[in-house]
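Participant: sequence and predicted structure, then a few things I'm wondering about:
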Amino acid sequence: MPKLVFYSILISALALGVAALWLAGEVWEEHETGEVVDLTTTGAASQVAPGFLPLEEILRRLSLPVDSHILEVEKEIVEDRLLYEIELLMPDGRVLEWYVDPRTATVISVETGETSEAHHATAAGGR
């Protein structure tokens, strides 16, 4: 009887794991398409905003610093404007946040973020 319980729990855990991986893949695929959704509309009216560049094209147009690494890209509304926030890890360990216009790939502003050690601690769930 204990083996039956063990195997049923094991099969359930595997099924949940497969479902979680499938869902994560769907979300990642949406992220990878680089489509910018006009966040100023809601519900069914939300569509890809005309005139917005795909993320891939924006990254191609930007002059990223040598030896920098992209940590994260998010869509943010800043002063009623939809912008990409591109978080960069610099070679010296600093983290910069570039706010980029999705229509022109123009850097609107640059902010200094956390250091790479703080970023890793935050990503791991600590501070």
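Facilitator: Nice, thanks for sending it over.

Participant: burial count for the closest residue to Y84 other than its chain neighbours?
Facilitator: Setting aside the residues directly before and after it, Y84 is nearest to V100 in space (C-beta to C-beta, 6 or more residues apart in numbering), at 4.5 Å. Every residue, glycine included, has its C-beta placed from N, CA and C. Neighbour count of V100, defined by other C-beta atoms under 10 Å: 23.

Participant: residues contacting V100?
Facilitator: By C-beta atoms under 8 Å, 6 or more residues apart in numbering, the contact list for V100 reads 58, 62, 83-86, 106-108.

Participant: which pair in those spans the largest distance?
Facilitator: E85 and T106 (14.1 Å; C-beta to C-beta).

Participant: ok, those two, which is more surrounded?
Facilitator: Using other C-beta under 10 Å as the criterion, E85 and T106 rank with E85 on top: 17 against 12.

Participant: distance of the more buried one relative to V107?
Facilitator: 11 Å (C-beta to C-beta, to the nearest Å).

Participant: overlap of the contact sets of these two?
Facilitator: 98-100.

Participant: going by distance to I77, which of those residues wins?
Facilitator: Y99 (10.9 Å).

Participant: so the closest one belongs to a helix, correct?
Facilitator: No. Counting by DSSP: H, G, I helix; E, B strand; the rest coil, Y99 is not part of a helix but strand.
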